[in-house]
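> Could you work out the structure for the sequence below:
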Amino acid sequence: MSDYSSQFLQVEVIAHTAVVTFNNPPAHTWTAQSLSDLQDLVLSLNEDRNIYALVLTGGGAKFFSAGADLNIFADGDKQVAIDMSNIFGQAFETLSAFRGVSISAINGYAMGGGLEVALACDIRIAEDHAVMALPEASVGLLPCAGGTQNLALLVGEGWTKRMILCGERISAEQALSINLVEEVVAQGEGKNAAIALATKVAKQSPVAVTACKKLIQKNRVMPIEQALPQERQAFVELFDSLDQKEGVQAFLDKRKPTWLNK
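Now for the predicted structure:
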């Protein structure tokens, strides 16, 4: 494990990819500490110019993550609810804003906050035995870490309402059919598939990838007529980067580029 590892998050750096394995068995539920660790990890990876991609997966073969431990909320303390909802939001919003590409390898049950962390990623790969749900309303709660918003962006309002309001559990194949995940692989192959996809990211200019990701996610916060001029401006600003010069020259020289991430 790398120096990035903590009690609940095991981190292995493979080339330009940080592979993060949730480590809070048996169900990898989230705690205030593990959420804080995730936020700190992403902020640290943002500063590591060698890291272009981030892969998240659960330890073992049964759970990706079962979300929050409901024992935390058993006494109905509103201050606990305030604190936990804030750290959930901060952690997953930091993940969503990760400089590089984030990929979830959903290798089992992804429930509640366990699905919300996957929704905060750029790309989701599910193993064929995975089960996904946002069951919070069944215990009188709601998904407060981006679930009501990020799910709707991916699958539309109808399926979001089926999953949240009706409590429907979704299989891997169903998730693929409604665009909740981008790929389904055999059991045990999720992490390898995610790492393989992350390797493709490393072939792209990290500077260009960061700029593109920011632009793609602008459709969440502004109308297209405002985003299009920003797209053109970002294109021009890439000409200040060394990667732009290297990328074009490498193409003309018929060689692979050597990215400087600058």
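
> Helices of the stretch 51-200 of the chain, start to end?
Using DSSP state H, counting those that start in this stretch, the helices of the stretch 51-200 of the chain run over residues 78-96, 113-119, 147-165, 172-177, 190-201.

> Strands along the stretch 1-150 of the chain, start to end?
All strands of the stretch 1-150 of the chain, identified by DSSP state E, counting those that start in this stretch, fall at 9-14, 17-22, 53-58, 63-65, 101-106, 109-111, 123-127, 131-133.

> Select, out of the ones you listed, the one closest to Ala145.
strand 63-65 (11.5 Å; C-beta to C-beta). For the C-beta atoms, the positions are set from N, CA and C on the backbone; glycine is no exception.

> That closest one - contacts with which helices or strands?
If you count contacts as 3 or more C-beta pairs under 8 Å, 6 or more residues apart in numbering; DSSP states H and E, strand 63-65 packs onto strand 53-58, strand 101-106, strand 109-111, helix 113-119.

> The third one pairs with which strands?
In the sheet, strand 109-111 lines up against strand 63-65 (parallel), strand 131-133 (parallel) (DSSP bridges).

> Please compute how far that strand lies from its chain's middle.
14 Å (C-alpha atoms, centre = their mean, to the nearest Å).

> One more: the second one?
Here the centre of mass of C-alpha atoms in strand 101-106, compared against the chain's by C-alpha atoms, centre = their mean, lies 5 Å away.

> so who does the residue lying closest to Ser138 once chain neighbours are set aside touch?
Among residues not flanking Ser138 along the chain, Gly167 sits closest, at 5.2 Å (C-beta to C-beta, 6 or more residues apart in numbering). Gly167 is in contact with 133, 135, 137-138, counting by C-beta atoms under 8 Å, 6 or more residues apart in numbering.

> Mind doing that once more with 10 Å?
133-138 (C-beta atoms under 10 Å, 6 or more residues apart in numbering).

> Can you check the distance spanned by stretch 234-243, start to finish?
The first residue of stretch 234-243 is 14 Å away from its last residue (C-alpha to C-alpha, to the nearest Å).

> Same check on stretch 130-139?
Note: stretch 130-139 ends 22 Å apart using C-alpha to C-alpha.

> what's the burial count for the nearest residue to Leu153 once chain neighbours are set aside?
Computed as C-beta to C-beta, 6+ apart, the closest residue to Leu153 that is not its neighbour in sequence is Arg220, at 6.6 Å. Neighbours of Arg220 under the rule other C-beta atoms under 10 Å: 10.

> ok, back up a step: show me the one of the strands paired with strand 109-111 that comes nearest Lys203.
Comparison of the strands paired with strand 109-111 against Lys203 by C-beta to C-beta identifies strand 63-65 as nearest, at 27.2 Å.

> What are the buried residues along stretch 35-49?
Under the neighbour-count criterion of 16 or more other C-beta atoms under 10 Å, stretch 35-49 has 35, 37-39, 41-42, 45-46 buried.
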